[in-house]
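Engineer: Predicted coordinates and the sequence they were generated for:
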Amino acid sequence: MKKTIILALALVAGASLYTPATAQKKTVAKKAPAKKEAVVKEQPVKLANGSDSVSYAGGMSITNGLIPFLVQQQNVDTAYMADFVRGFQMITNGGSDPKMKAYAAGMDIAKQVMERMIPEITKEFQDAPDSIVTNLFYKGFTDALLKDSSVFKQEVAEQYFKDKQISNKAAKDEKLYGANRDAGRKFMAENAKKEGVITLPSGLQYKVLVQGNGPVPNVDEKVQVNYEGRLVDGTVFDASAKHGEKPIEFRPSQVIKGWQEALTMMPVGSKWQLFIPYELGYGDRDTGQIKPYSALIFDVELVSIDRPQPEPQEQEEAPAKKSKKDKKSKK
């Protein structure tokens, strides 16, 4: 790490030595004559036979739609199409050259890192004590590939980054959502003291509004439910009525832990009010209106269970009775 910092300071110091006087001296110095780039004149296309013609026409035809793709998906400026062509020719002319393959792969991976990985990691560390310095990220990336362990050994770097991800997330969550988490805990503690509220060992609280007398579903059975969900401040974030007139159908195993525990205790026909701590809800996930570490309130009515009815068994005469009748008829 010290080596990287010293290198950065050396670059800054070198830049500070570049003064107008220095620039003037450089302009006074005799310039070497610029080399003219050799202009390669391409030979005119000659199509000698059917194979030549179909090959050339095929190359042209598959470019249909390529330029809009390059502009929209690759952010290529059409003013630089000649440069795109040079890059294309450099790779295609390289054939099976392993150096060219490695070079092309490096360009492809660099694009993915720049456009996908860096934005995601930068966002992860946003509002956290640490942040991502792009150039040093790239330097660490290339040093690892070149087996340069002068700053970090590979395994040390991996563990250090993992630990930093955890500590920065904790600090970020505390900064952004600590107040929301504390408000939920306070609500749950005060709610537990109210009349009719039952608190389970898991932390789930519920109040029976209507007690049904139907069967109780198991975790894998489909149930039909009406519900309304609210934050502890009373904000309604979802309701079955928003999704149509019919109850919502799902399996208890498909929903949050608080719902799963409650539904596998409720008889059909019941309506309960659930008070769910964030550990049994959406945890540290941000789901739009539901911020991380949110305690939740649900009014839940268990309408029915999609339980197949047993098929009626056909009554058969006992074989013993049949045999007696048969014996009498024979006599």
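Structural biologist: Thanks, I have the structure now. Numbers count the residues shown, from 1 in each chain.

Engineer: Can you name the residues that contact residue 161?
Structural biologist: For residue 161, the contact set (Cβ atoms under 8 Å, 6 or more residues apart in numbering) is empty. Where C-beta positions appear, they are placed from N, C-alpha and C, glycine not excepted.

Engineer: For it, give its distance to residue 214.
Structural biologist: 53 Å (Cβ to Cβ, to the nearest Å).

Engineer: And residue 143, by the same measure?
Structural biologist: Counting by Cβ to Cβ - residue 143 and residue 214 are separated by 65 Å.

Engineer: For those two, indicate the residue with more neighbours.
Structural biologist: residue 143 (17 against 14; other Cβ atoms under 10 Å).

Engineer: Assumed that one was part of a helix.
Structural biologist: Yes. Assessed by DSSP: H, G, I helix; E, B strand; the rest coil, residue 143 belongs to a helix.

Engineer: and it, what is it in contact with?
Structural biologist: 149, 150, 151.

Engineer: any idea how far it lies from residue 103?
Structural biologist: Residue 143 is 19 Å from residue 103, by Cβ to Cβ.

Engineer: Could you look up the SS state of the residue nearest in space to the middle of the chain?
Structural biologist: Residue closest to the average C-alpha location in the chain (Cα atoms, centre = their mean): residue 120, at 9.7 Å. Following three-state DSSP, the label given to residue 120 is helix.

Engineer: count of neighbours near residue 48?
Structural biologist: Neighbours of residue 48 using other Cβ under 10 Å come to 7.

Engineer: you'd agree it is in a strand?
Structural biologist: No. Read with three-state DSSP, residue 48 is coil and lies in no strand.

Engineer: From residue 59, how far out is it?
Structural biologist: Distance, residue 48 to residue 59, by Cβ to Cβ: 16 Å.

Engineer: ok, residue 128 - contacts?
Structural biologist: Contacts of residue 128 (Cβ under 8 Å, 6+ apart): 168, 169, 171, 172.

Engineer: for residue 292, same thing?
Structural biologist: If you count contacts by Cβ under 8 Å, 6+ apart, then residue 292 has 173, 176, 177, 180, 181, 278, 282, 283, 284, 285, 286 around it.

Engineer: list the contacts for the last one?
Structural biologist: It stands for residue 286. residue 292.

Engineer: And what about it, helix, strand or coil?
Structural biologist: With three-state DSSP as the basis, residue 286 sits in coil.

Engineer: swap in the one 4 residues further on?
Structural biologist: Reduced to three states with three-state DSSP, the structure at residue 290 is coil.

Engineer: what do you get for residue 237?
Structural biologist: strand.

Engineer: Not counting its neighbours along the chain, what's nearest residue 305?
Structural biologist: Nearest non-adjacent residue to residue 305, counting by Cβ to Cβ, 6 or more residues apart in numbering: residue 217, 4.8 Å away.

Engineer: Confirm that that neighbour sits in a strand.
Structural biologist: No. Read with three-state DSSP, residue 217 is coil and lies in no strand.

Engineer: Look up phi and psi at the residue nearest to residue 239 when sequence neighbours are not counted.
Structural biologist: Closest residue to residue 239 apart from its sequence neighbours, by Cβ to Cβ, 6+ apart: residue 228 at 4.2 Å. Backbone torsions of residue 228, given as degrees, to the nearest 10, read phi -140, psi 130.

Engineer: Pretty sure residue 228 sits against residue 235.
Structural biologist: No. Between residue 228 and residue 235 there is no contact under Cβ atoms under 8 Å: 11.4 Å.

Engineer: More neighbours: which of these two?
Structural biologist: Neighbour count, other Cβ under 10 Å: between residue 228 and residue 235, residue 228 has more, with 17 against 10.

Engineer: Report the contact partners of the more buried one.
Structural biologist: Counted by Cβ under 8 Å, 6+ apart, residue 228 has contacts 236, 238, 239, 240, 241, 298, 299.

Engineer: Relative to residue 271, how far out is it?
Structural biologist: 11 Å.

Engineer: where do the contact lists of these two overlap?
Structural biologist: With Cβ under 8 Å, 6+ apart as the test, residue 228 and residue 271 both reach residue 299.
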